[in-house]
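A.B. asks: please find the sequence and the predicted model below.
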Protein chains: 2
Amino acid sequence: MTDPPRRRGRPRREGADEEILAIARDLLREKGYRDFTVDEVAARAGVAKTTVYRRWPSKAALAAAVIAPLVEEVIAAADLPELLARLAALLAGDAGPIIAGLVSDGESAVVAAPLRARLQQIDPTLDFHQATGPIWSRLLVR
Amino acid sequence: MTDPPRRRGRPRREGADEEILAIARDLLREKGYRDFTVDEVAARAGVAKTTVYRRWPSKAALAAAVIAPLVEEVIAAADLPELLARLAALLAGDAGPIIAGLVSDGESAVVAAPLRARLQQIDPTLDFHQATGPIWSRLLVR
């Protein structure tokens, strides 16, 4: 016979993840990716840093979780021209430098994976780099 | 009559800038852009942080100075195919995530400006984004 598993640490508050993500989104907008810290997210949310790190193991993972729904909106486009227009608008806005930061930190899959899958679905003959490249290059010359 | 201008602080050591840049280059290679700090560069160089900041006002500016000669090598290519091949090789290596970090921190001009000028020189009808875009997009799916 074994004891029932013990919960470690404090019980999770309902909705805490969503609250942390909302705070992370606001902080990214205010500070930009470079000055965005898990410490400040935790402080504003009134939770321990470990609570944030348990769910998102790094600053980049937390920022990726903020960016993910924006990518979902891009790939919800009905066709390629609209998808490319939405992607261009996303990169031209606040999300652009955040996404570049994710690329730098090796967390680009949050953008690249859904985008590739959706392009493949729209047209299996499309080359990802040819189709989206000229949009990424605009990050360099904003 | 005015006094001759007084030098502020300690006199600059000959070659100190080159030494700092070499240390910055090594540290960027070892740690990547995210964990690269001006503090550690100054400590390894045996100079005060302010000595580094006087010459390069931010971590991004110092990293940009490390990347600049690599961009010079790219644009020294004789023609467009070779330039694009050199750019692709640069982005596929250690410099790729560093350049993405510079884009995130608003320091992309170190790459974009010389590249645009050289492309313009090679062929004034070239569109920067069409020509180089598919290479940048490869940063996302390394």
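C.D. replies: Received, thanks.

A.B. asks: got the angle for the worst-scoring helix or strand of chain A on mean pLDDT vs helix B:128-136?
C.D. replies: Using mean pLDDT, DSSP states H and E, helix A:128-136 stands out as the lowest-scoring helix or strand of chain A, at a mean of 92. Per axes from the mean of the first three to the mean of the last three Cα atoms, to 10 degrees, the angle that helix A:128-136 makes with helix B:128-136 is 130 degrees.

A.B. asks: run the chain-centre distance for helix A:128-136.
C.D. replies: 20 Å (Cα atoms, centre = their mean, to the nearest Å).

A.B. asks: show me what it is packed against.
C.D. replies: Helix A:128-136 is packed against helix A:80-92, helix A:109-122, helix B:128-136, with contacts defined by 3 or more Cβ pairs under 8 Å, 6 or more residues apart in numbering or on different chains; DSSP states H and E. Every C-beta, even on glycine, is put in place using the N, C-alpha and C of the backbone.

A.B. asks: what's the shortest one in contact with?
C.D. replies: Put plainly, it is helix B:128-136. The contact list for helix B:128-136 (Cβ atoms under 8 Å, 6 or more residues apart in numbering or on different chains) reads A:127, A:129-130, A:132-141, B:80, B:84, B:87-88, B:91, B:115-116, B:119.

A.B. asks: mark which of the residues you listed are buried, thanks.
C.D. replies: Taking 16 or more other Cβ atoms under 10 Å in any protein chain shown as the criterion, what is buried in the contacts of helix B:128-136 is A:129, A:132-140, B:84, B:87-88, B:91, B:115-116, B:119.

A.B. asks: surely residue A:19 touches residue A:45?
C.D. replies: Yes. Taking Cβ atoms under 8 Å as the definition, residue A:19 is a contact partner of residue A:45 at 5.9 Å.

A.B. asks: neighbour count winner among those two?
C.D. replies: Neighbours were counted for residue A:19 and for residue A:45 using other Cβ atoms under 10 Å in any protein chain shown; residue A:45 has more, 18 against 15.

A.B. asks: any idea how far that one is from residue B:80?
C.D. replies: With the distance defined as Cβ to Cβ, to the nearest Å, residue A:45 ends up 51 Å from residue B:80.

A.B. asks: and for residue A:91?
C.D. replies: For residue A:91 relative to residue B:80 (Cβ to Cβ), the value is 25 Å.

A.B. asks: kindly report the same for residue A:119.
C.D. replies: From residue A:119 to residue B:80 the distance is 26 Å (Cβ to Cβ).

A.B. asks: cool, residue A:106 as well?
C.D. replies: 30 Å.

A.B. asks: so which elements touch the strand or helix carrying residue A:100?
C.D. replies: Per DSSP states H and E, residue A:100 falls inside helix A:95-104. Here helix A:95-104 touches helix A:59-75, helix A:80-92, helix A:109-122, helix B:95-104, going by 3+ Cβ pairs under 8 Å, 6+ apart.
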